[in-house]
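Trainee: this one's structure only:
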């Protein structure tokens, strides 16, 4: 299964509220249970993150990691999300994550961003826009949904 991971999941590895589930999903990437998909947007965000968060990505074997581009098509879909007023322009990076994951047809996107991404109303709106513009439905969850940790 190919899972798009936004930056919040890596940061969650050091957050007491999310560390159990973030570390578990990273472990799944390390052993190859799932393939991690990130983008140029993620790489940019990680460049300004603390070194310990950057290291998490480096610990995932290259064969279990796919890095995707922010294509013109993804930029356009991201603009559609903003035009549809799903989120404001200041949430551009969030819409780019969604657009890239949609276009790459990943099996799932995981995030801890409950305001702009893993939010029932926003998920419905993103997927309505995806269908309107000829794209498939994108499954969006938080890492907790992928583990049996309590």
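Mentor: Alright, I've got the coordinates. Bear in mind that the values here come from a model prediction, so they are computed numbers and not experimental data. Numbering: from 1, shown residues only.

Trainee: can you list the weak-confidence ranges in the protein?
Mentor: When residues are selected by pLDDT under 70, those of the chain lie in 149-150.

Trainee: for it, what spans make up the strands?
Mentor: Per DSSP state E, the chain carries strands over the ranges 2-5, 35-39, 65-68, 108-110, 140-141.

Trainee: neighbours around residue 20, how many?
Mentor: Residues near residue 20, counting by other Cβ atoms under 10 Å, number 15. The way it works is simple: take the backbone N, C-alpha and C, and place the C-beta from them, glycine included.

Trainee: what's the distance between it and residue 145?
Mentor: Distance of residue 20 to residue 145, given as Cβ to Cβ, to the nearest Å: 13 Å.

Trainee: Go through the strands of the chain and name the closest to residue 49.
Mentor: strand 35-39 (12.5 Å; Cβ to Cβ).

Trainee: number of nearby residues for residue 147?
Mentor: Residue 147 has 15 neighbours, counted by other Cβ under 10 Å.

Trainee: and it, what is it in contact with?
Mentor: Residues in contact with residue 147 (Cβ atoms under 8 Å, 6 or more residues apart in numbering) are 20-21, 24-25, 28.

Trainee: cutoff 10 Å now
Mentor: Contacts for residue 147 (Cβ atoms under 10 Å, 6 or more residues apart in numbering) come out as 20-25, 27-28.

Trainee: now these in JSON lines, with distance to residue 133?
Mentor: Output for the contacts of residue 147, formatted as JSON lines (distance: Cβ to Cβ, whole Å):
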{"residue": "20", "distance to residue 133": "37"}
{"residue": "21", "distance to residue 133": "32"}
{"residue": "22", "distance to residue 133": "31"}
{"residue": "23", "distance to residue 133": "36"}
{"residue": "24", "distance to residue 133": "34"}
{"residue": "25", "distance to residue 133": "29"}
{"residue": "27", "distance to residue 133": "36"}
{"residue": "28", "distance to residue 133": "31"}
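
Trainee: Show me which of those is closest to residue 140.
Mentor: residue 25 (14.3 Å).
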